[in-house]
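Participant: Sequence below, structure please.
(one chain, ligands or ions: 1)
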Amino acid sequence: MFRVFIIILFHLPSFLFSQETYHQDVVPIIKKHCLSCHSDGEIGPMPLTNYIEVSSYANMIKYVTSIKLMPPFKADHYKVNYKNKRAISNAEISVINNWISNGMQEGIPDTISYDPNNKEVIYDEIICMEESFEHYGIYYDQYQAFVLPVLNQEDKYVSHIEVIPGNKEIVRSANLSLAKKGRADKMDEWDPRYGFFAYGSIGFEAEIPNWYSWMPNTKGIELKNNEVSLIPKNSELILHLHYGPYGETQNDSTCVGIIYSSEQGKIQVQNVPFIATEFLADSFNLEAGLKKRFTSSFYIPEDSYIKSITPLAHLLCRSWEVFAVLPDQSTLPLLTIADWDFHWREKYVFNEYLFLPKGTRIVATARYDNTRENPYNPSDPSFLTKKGPHMFDENFLCYFELINSASSPFASIKKPFTVATRRLAELNFNCQKEAEYSVLVHNMTSNSSVVISEKNYAAGQHTIRSSALANTTGRYAISISSDEQLQDIWYFVIK
Ligand code: HEC
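Facilitator: Reported below is the predicted structural model:
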């Protein structure tokens, strides 16, 4: 009886005068959804770390949360659950709104101490920009790419990659590609500043483009415990940085931390641009004053898992829609972005790997608006726009991260690239034990496969030269199987 009385006594006032206060109700929401970017020295334009800061921006906070502009996340996460989603709930939005309409009570003071849960990671190698880059500080987004040398004479596998921003106030996103040593030299020479100007892309086809992408609060979601990603021998890391607008000159020297691993017993991930302008039947022309949509599809050649999707386009693009048609003709939504924004390009990582049976067709559509109705259209009057790396160019590009579904393989294929502009002349693979192997080339556009070799292979290295290897522009997979078991699979495109 006594206990019930106490409970009523404590809770009665809050039933009667339920009023949100800053410290009890608003702080947890800001902490959960905003502080990773809106703290001192982070990318958000103002800190939201105390009562004065939050209350002075209250109406703006109300507005940007009600239209779901903040926290920024462009994909529809009601249709598909993403691991990296940033989403504020309607209940949380009402708490903020009620707090504002009730006069922004402060409540019992407390201090926000933001701990980004930054566990110390010991890297095997930290590779840094060799010089510092000067951001002009003229309130413009700036894009610059830098070549970071990785001196690996052998193929290496990586189990952890992290971008360590030098200047967190301006580094807004980063994208890493792997290119053969020397590939970026021309670009580097062309720009007299440190690094080279690169807007929508780095301006050339890297062997492994879009290897890793980073945003201020996506820390540590890239490779899961058991996943590894390949750095082919003699590669250079191309670090493509997006610097946010800033009012004063700033310097940045960003680093990349890497932890190496053996590939034994690990899951290999490959991020492949299966959707690209090169695979369209029509040419990618966006005429002045027109709205157009482009659709492209491809087939999954073996039972696979998909980990993430990264759509990439520029300023004329307005939306993306990606879905899978399973062999039983049912459809599975993968990604919907109704209001595409170039500045918030990111990788959408599924909450769990999605299983896609052999024969699944993946369809991607992007809409473009080259009229004045498009608020992001960089040109007035608009003009014919084609594929290209610059601000006034466009792109239709989408990456799919696939998981190598071969379990404990005893044959492995050498995978020197995911994108090439030349045909594949030979295939190298290694067998751990003698067995009957079949090697197949899958054309992922037409959903057809050709057996290029089926015979007994001794343990050791082997090379196949065949005119049936990937010869023309297209999307391919090469698989090696033994005893009906998939041993290894290599996905790549020839542009
Ligand atoms: C991933 C980083 C990130 C997160 C998380 C984030 N913001 Fe922002 N916010 C930004 C950036 C960057 C800008 C600058 C405008 C832009 O680039 O879109 C911004 C701008 C704003 C603005 C100014 C609006 C404008 O257009 O200038 C407000 C207000 C704001 N954020 C509030 C919030 C609130 C409230 C939350 C949490 C519910 C939040 N933000 C979460 C990065 C973030």
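Participant: hang on, residue 30 in a strand?
Facilitator: No: per DSSP: H, G, I helix; E, B strand; the rest coil, residue 30 lies outside any strand segment and is helix.
Participant: what separates the residue nearest the centre of the chain from the ligand, distance-wise?
Facilitator: By C-alpha atoms, centre = their mean, the chain has its centre lying nearest to residue 347, at 2.3 Å. Computed as C-beta to the nearest ligand atom, to the nearest Å, the residue 347 to the ligand distance reads 13 Å. Glycine gets a C-beta too; all of them are placed from N, C-alpha and C.
Participant: Can you report how many residues lie near the closest residue to that residue other than its chain neighbours?
Facilitator: Counting by C-beta to C-beta, 6 or more residues apart in numbering, residue 310 is the residue found nearest to residue 347 once chain neighbours are left out, at 4.3 Å. Neighbour count for residue 310, taken as other C-beta atoms under 10 Å: 20.
Participant: Name the helix or strand for residue 310, please.
Facilitator: Element membership of residue 310 [criterion: DSSP states H and E] is strand 304-312.
Participant: Report all helices and strands that that strand contacts.
Facilitator: Judged by 3 or more C-beta pairs under 8 Å, 6 or more residues apart in numbering; DSSP states H and E, the packing partners of strand 304-312 are strand 208-214, strand 267-275, strand 317-325, strand 331-337, strand 348-356, strand 397-403.
Participant: Throw those strands into TSV and include mean pLDDT and mean neighbour count, thanks.
Facilitator: Formatted as TSV, the helices and strands packed on strand 304-312 follow (pLDDT from 0 to 100; neighbours: other C-beta atoms under 10 Å):
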stretch	mean pLDDT	mean neighbour count
strand 208-214	91	24
strand 267-275	94	23
strand 317-325	98	20
strand 331-337	97	18
strand 348-356	94	18
strand 397-403	96	23
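Participant: Residue 41: which of these is closest?
Facilitator: Checking the helices and strands packed on strand 304-312 against residue 41 by C-beta to C-beta gives strand 208-214 as the closest, at 16.9 Å.
Participant: I'd like the next helix or strand past the closest one.
Facilitator: According to DSSP H and E, the helix or strand after strand 208-214 is strand 227-231.
Participant: Please name every helix or strand in contact with that following strand.
Facilitator: Using 3+ C-beta pairs under 8 Å, 6+ apart, strand 227-231 is in contact with strand 156-164, strand 208-214, strand 267-275.
Participant: let's go with 10 Å and repeat that
Facilitator: strand 156-164, strand 171-180, strand 208-214, strand 255-261, strand 267-275, strand 397-403 (3 or more C-beta pairs under 10 Å, 6 or more residues apart in numbering; DSSP states H and E).
Participant: Show the average pLDDT along it.
Facilitator: The average of the pLDDT scores along strand 227-231 is 91.
Participant: circling back: give me the pLDDT value at the residue nearest to residue 347.
Facilitator: So residue 310 comes in at 95 (pLDDT).
Participant: got it, and the one 4 residues further on?
Facilitator: At residue 314, the model reports a pLDDT of 95.
Participant: And residue 59, by the same measure?
Facilitator: With respect to pLDDT, residue 59 has a value of 93.
Participant: what's the least confident helix or strand in this structure, going by average pLDDT?
Facilitator: None of the helices or strands of the chain scores lower by mean pLDDT, DSSP states H and E than helix 2-16, at a mean of 45.
Participant: Regarding stretch 316-331, how distant is the last residue from the first?
Facilitator: One end of stretch 316-331 to the other measures 28 Å (C-alpha to C-alpha, to the nearest Å).
Participant: how much distance is there from it to the middle of the chain?
Facilitator: 18 Å (C-alpha atoms, centre = their mean, to the nearest Å).
Participant: For the remainder of this discussion, apply numbering that starts at 77.
Facilitator: Sounds good: first residue 77 from here, last item stretch 392-407.
Participant: what about residue 434, how many neighbours?
Facilitator: Neighbourhood size, residue 434 [other C-beta under 10 Å]: 14.
Participant: Looks to me like it is in a helix.
Facilitator: No: checked against three-state DSSP, residue 434 lies outside a helix; its state is coil.
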